[in-house]
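Q: what follows is a predicted structure for the sequence shown.
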Amino acid sequence: MPQLRRVEIGNGVYLEVVVERRNDLLSRTEVQAIAHHELKSTPSRSDLREALAKAYSRSPDSVYIKSIKTSYGVGLSIVHAHVYDSHEAALKVEPLYVLARHGEAEVERSKQKEGGKK
């Protein structure tokens with residue numbers, strides 16, 4: 001069985017990279033990992049972003065966390081992330097809602113109808 005890559009986040013929390021797939025067409029590495037955070041809160045997107053950037057020798061603005069799925073009471077989270085070769089490559093590909101989650105774009109929300117009960 002291949003050796004799994006372990007990425008330290010700090011304070012006893014770490015990532016275990018399960019799947020690492022290179023996508024040359026989009027200039028990125030697609031990462032699926034398990035975050036181990038027993039008896040601690042789920043790691044933040046910014047913490048995960050910085051840890052993955054350090055592990056893959058990239059700047060944090062070229063790492064995008066697509067999803068974090070936490071199981072209740074287990075202390076494990078499944079993380080799906082994209083690590084781009086450059087920030088410019090990421091801006092060409094990532095959807096607006098992902099950029100907004102990382103504070104790089106604003107998504108306009110449709111105005112809801114003001115009708116209803118008063």
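A: Sure thing, it's come through. Numbering: from 1, shown residues only.
Q: going forward, measure contacts between C-alpha atoms and count neighbours the same way
A: Will do.
Q: if residue 7 is in a bridge, with which residues?
A: Residues in a beta bridge with residue 7, per DSSP bridges, are residue 15.
Q: residues contacting it?
A: 14, 15, 16, 17, 51, 52, 55 (CA atoms under 8 Å, 6 or more residues apart in numbering).
Q: top helix in the protein by residue count?
A: When the chain is parsed with DSSP state H, its longest helix is helix 45-55.
Q: now do that one: distance to the chain's middle.
A: Between the centre of helix 45-55 and the centre of its chain there are 8 Å (CA atoms, centre = their mean, to the nearest Å).
Q: for it, packing partners?
A: strand 5-10, strand 63-70 (3 or more CA pairs under 8 Å, 6 or more residues apart in numbering; DSSP states H and E).
Q: state the mean pLDDT of that helix.
A: Per-residue pLDDT values over helix 45-55 give a mean of 92.
Q: ok, residues contacting that helix?
A: So helix 45-55 is contacted by 7, 8, 9, 59, 60, 62, 63, 64, 65, 83 (CA under 8 Å, 6+ apart).
Q: what about residue 98, how many neighbours?
A: 16 (other CA atoms under 10 Å).
Q: for it, which non-adjacent residue is spatially closest?
A: Computed as CA to CA, 6 or more residues apart in numbering, the closest residue to residue 98 that is not its neighbour in sequence is residue 66, at 6.8 Å.
Q: what distance do you get for the spatially most central residue of the chain to residue 25?
A: With distances taken as CA atoms, centre = their mean, residue 65 lies nearest the centre of the chain, 1.4 Å away. Between residue 65 and residue 25 the distance is 19 Å, computed by CA to CA, to the nearest Å.
Q: those strands in the chain, which residues are they?
A: When assigned using DSSP state E, the strands of the chain occupy the ranges 5-10, 13-23, 28-36, 63-70, 76-84.
Q: closest one to residue 97 among these?
A: Nearest to residue 97 among the strands of the chain is strand 63-70 (9.9 Å), distances taken as CA to CA.
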